[in-house]
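> Please find the sequence and the predicted model below.
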Amino acid sequence: MKSRFLTLVGLILIVFVSQAIWVTYSPILTNVAQISGVSDGSIGLLAIIYPIFFLILTIPVGILLDKNFKLWLTVGSILTFASGAFRIFSPHAYIWLLGFQVLGAIGQPFSLNAFALFASTYFEKRKPITISMLSFSVYLGTIFSLAAGEYFYNLGGLHMVFLPTALISVVGIVLFLVGILGLEARKPEENVSVYKEMKYAVRQRNLWVLGVILGLGVAAYDNLSTWLQPVIQTIGMGQVAGTVVALTLILGLVGILILPNVVTRKDLRTIYLRIVAAVVLLIFVALAFVASKVTMYALLPISGFIMLPAYPIIMEWISRFYAKSRQGIATGFMAFVSRIFSVVFTLSALVVISSVTSYFLFLSALILGAVVFTWFLPRDKKVVPA
């Protein structure tokens, strides 16, 4: 029990670091460009690297996790640790930052794709809460960098920006390694065929559907985080965007801690996804026509509270309805589908950010697509385990 707990805590910290590294430079992009002697676009590339590598690696990583879960989760965790811990030694050298950002981008899919299999392997009786805690760490790491990055930069430059993640990286990898070395490894799968794994995943209709639903939801979430400020600046409310997004994310974290355990325990996964998609659709349609400080503060945090828990619920779906030997490829393939949708529709929003109405109608169209696809999912008790 002690080894499992140490491994879980270590992995939670590693996931936190991975997400924090991803968006480290977002709130201080121009500052970092200036002191590194490169263009703003070069610093922006440090964030773009993450989704690019995730798309390339998510399916191969899923197969590797199925083949030898303990080994490859350890490899990914060490890569993330190195990325978080060693940036601090040469914070003004762009090539140094780029190299360790690449290490972090390679490590990310190993940890994110491990949620279902980790919970099924080591916390069989507590899968929902385990996945919720790991998912909580995903969003918390993102919020930490976005909210605290400028503060730490003003406090002591890039050294101070990198210090918290470096310390957390060290603590995380020590706990993880101490814990996982004491855990029994699953016997490696000797006959894992890339062709067979891919053929299996492609034939799983539910993985396609879950990937589309998750991708459209993440696209809406990413759009709010990325474009809300310039959109509502067109009606003179740009100054409230940061607070509204922060409240949305904070309530989303609260929702992650509360809702997935209830939903999964009562076998309401499909019903929950249908209801959430419909409610969020109504919220975005309302904001398209009645955008004010009152409606922003009242409605967007509600959407976060119910929408963000969909991520751990979908991950728990995989841990519940897919065999342990296939949960890596199932997660990787579903994540591949979702990431394509999220990247495409986050970039597509550029053409609608000049108008509040067109922007929220665009988000409404995304969620309408999610509503439609939720009806392709079977009710929980009718799911045939794959």
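Here it is on my side, so go on.

> and the closest residue to Met237 other than its chain neighbours, how many neighbours does it have?
Once flanking residues are discounted, Met237 sits nearest to Lys293: 6.3 Å by Cβ to Cβ, 6 or more residues apart in numbering. The way it works is simple: take the backbone N, C-alpha and C, and place the C-beta from them, glycine included. By the criterion of other Cβ atoms under 10 Å, Lys293 has 13 neighbours.

> Next one, pLDDT for Lys293 please.
pLDDT for Lys293: 90.

> Same question for the one 4 residues further on.
Reading off the per-residue confidence, Tyr297 sits at a pLDDT of 93.

> What residue, apart from its backbone neighbours, is nearest it spatially?
Counting by Cβ to Cβ, 6+ apart, Tyr297 lies nearest to Val244, which is 6.2 Å off, once chain neighbours are set aside.

> Quick one: neighbours of that neighbour, just the number.
Neighbour tally, Val244, other Cβ under 10 Å: 21.

> Ser292 too?
If you count neighbours by other Cβ under 10 Å, Ser292 ends up with 12.

> so who does it touch?
Contacts for Ser292 (Cβ atoms under 8 Å, 6 or more residues apart in numbering) come out as Met237.

> before we move on, what about Gly328?
Gly328 touches 61-67, 69, 113-114, 117, counting by Cβ under 8 Å, 6+ apart.

> what stretches of the stretch 51-200 of the chain score poorly on pLDDT?
185-192 (pLDDT under 70).

> what ranges do the helices span in it?
Using DSSP state H, counting those that start in this stretch, the helices of the stretch 51-200 of the chain run over 69-86, 94-112, 115-122, 127-181, 194-202.

> Distance to Ala330 for the contacts of Gly328 - can I get that in CSV?
Converted to CSV, those look like this (distance: Cβ to Cβ, whole Å):
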residue, distance to Ala330
Val61, 12
Gly62, 7
Ile63, 11
Leu64, 14
Leu65, 10
Asp66, 9
Lys67, 14
Phe69, 13
Asn113, 9
Ala114, 12
Leu117, 9
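
> top of those residues by neighbour count?
Most neighbours among the contacts of Gly328, by other Cβ under 10 Å: Asn113, with 35 neighbours.

> my guess is that residue meets Thr331, correct?
Yes: Asn113 sits in contact with Thr331 when judged by Cβ atoms under 8 Å, with a separation of 4.6 Å.

> Need the overlap of contacts for the two.
Common neighbours of Asn113 and Thr331 (criterion: Cβ under 8 Å, 6+ apart): 62, 65.

> quick one on the thing from earlier: go through the helices of the stretch 51-200 of the chain and name the closest to Ile250.
helix 127-181 (7.6 Å; Cβ to Cβ).

> Now do that closest one against helix 94-112, angle only.
Put simply, helix 127-181 runs at 120 degrees to helix 94-112, going by axes from the mean of the first three to the mean of the last three Cα atoms, to 10 degrees.

> any idea of the angle helix 127-181 forms with helix 69-86?
Going by the same axes, to 10 degrees, helix 127-181 makes 80 degrees with helix 69-86.

> which helices and strands does helix 127-181 pack with?
helix 2-22, helix 29-36, helix 69-86, helix 115-122, helix 241-265, helix 310-321 (3 or more Cβ pairs under 8 Å, 6 or more residues apart in numbering; DSSP states H and E).

> Wait, Trp96 touches Arg87, no?
Yes: under the criterion of Cβ under 8 Å, Trp96 makes contact with Arg87 at 7.3 Å.

> The two - which one has more neighbours?
Arg87 (26 against 15).

> Double-check the more buried one against Phe100; I have them as touching.
Yes: under the contact definition of Cβ under 8 Å, Arg87 touches Phe100, with a separation of 5.0 Å.

> re earlier: show the pLDDT at the residue nearest to Tyr297.
pLDDT at Val244 comes out at 88.

> now do the one 5 residues further on
Leu249 is assigned a pLDDT of 88 by the prediction.

> The one 5 residues further on too?
At Val254 the predicted local distance difference test score is 95.

> which residues touch the most centrally placed residue in the chain?
Nearest residue to the geometric centre of the chain (Cα atoms, centre = their mean): Val138, 5.4 Å. The contact partners of Val138, by Cβ under 8 Å, 6+ apart, come to 15-16, 19, 112, 311.

> ok, the residue nearest to Met237 touching Val240?
Yes: between Lys293 and Val240 there is a contact under Cβ under 8 Å: 5.8 Å.

> hang on, the earlier thing: output the helices and strands packed on helix 127-181 as JSON lines; include the columns distance to Val351.
As requested, these are arranged in JSON lines below (distance: least, Cβ to Cβ, whole Å):
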{"stretch": "helix 2-22", "distance to Val351": "25"}
{"stretch": "helix 29-36", "distance to Val351": "23"}
{"stretch": "helix 69-86", "distance to Val351": "34"}
{"stretch": "helix 115-122", "distance to Val351": "34"}
{"stretch": "helix 241-265", "distance to Val351": "20"}
{"stretch": "helix 310-321", "distance to Val351": "26"}
